[in-house]
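> coords please:
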Amino acid sequence: MNTLQKFELMEKIVRELEDLQNSQQALIQKIGKIEVDNIELGEKRLEKDLPDIHQNLADNLDTISGILEFFANKTQNFGDKNNVDALKEQEAINNATS
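Sure thing, here's the model as predicted:
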């Protein structure tokens, strides 16, 4: 795997982590809505279990956010260190002349 391919794979992973983070946020919102609806309904099982689910999702979101921040920085640093913009330009030139 060359440097540009590695950088592109790293960028893909960053996008996937962002998507995972967004999905996790959506799950937290959905659980919150169910908790609010259950205030009126008063279902004991939901009252018992939903707060735990909510907390686990929030903990997972914190972990995902930390990983995303770390890996996005690592990807940016890799790109800067390896002058990826110049590599992309060279690849574009190579593709245009092929």
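
> Give me the mean pLDDT for whichever strand or helix holds L17.
In this structure, L17 sits in helix 3-41 according to DSSP states H and E. Mean pLDDT, computed over helix 3-41, is 97.

> Going by neighbour count, list what's buried in the helix or strand just after it.
Next in sequence after helix 3-41, counting helices and strands by DSSP H and E, comes helix 44-81. For helix 44-81, a neighbour-count test (16 or more other Cβ atoms under 10 Å) marks L46, L50, H54, L57, L61, I64, L68, A72, T75, G79 as buried. Yep, even glycine has a C-beta here, placed from its N, CA and C like the rest.

> ok, now stretch 8-17?
Those would be E8, M10, E11, I13, V14, L17, for stretch 8-17 by 16+ other Cβ under 10 Å.

> how distant is that stretch from the center of its chain?
Stretch 8-17 sits 9 Å away from the centroid of its parent chain (Cα atoms, centre = their mean, to the nearest Å).

> contact partners of it?
M1, I64, I67, L68, F71, A72, K74, T75, F78 (Cβ atoms under 8 Å, 6 or more residues apart in numbering).

> Kindly report the same for stretch 40-49.
Under the criterion Cβ under 8 Å, 6+ apart, residues I34, E35, N38 lie in contact with stretch 40-49.

> rewinding a little: the helix holding L17: which residues count as buried?
Those would be 4, 7-8, 10-11, 13-14, 17, 20-21, 24, 27-28, 31, for helix 3-41 by 16+ other Cβ under 10 Å.

> Between the residues you listed, which sits nearest L87?
If you rank the buried residues of helix 3-41 by distance to L87 using Cβ to Cβ, L4 comes first, at 4.6 Å.

> residue contacts, the closest one?
V84, L87, K88, E91.

> cool, L57 as well?
With contacts defined as Cβ under 8 Å, 6+ apart, the neighbours of L57 are Q24, L27, I28, I31.

> from those, which single one is nearest N95?
Nearest to N95 among the contacts of L57, counting by Cβ to Cβ, is Q24 at 37.6 Å.

> So which elements touch the helix or strand that contains D85?
D85 is part of helix 84-97, with elements assigned from DSSP H and E. Other elements packing on helix 84-97 under the criterion 3 or more Cβ pairs under 8 Å, 6 or more residues apart in numbering; DSSP states H and E are helix 3-41.
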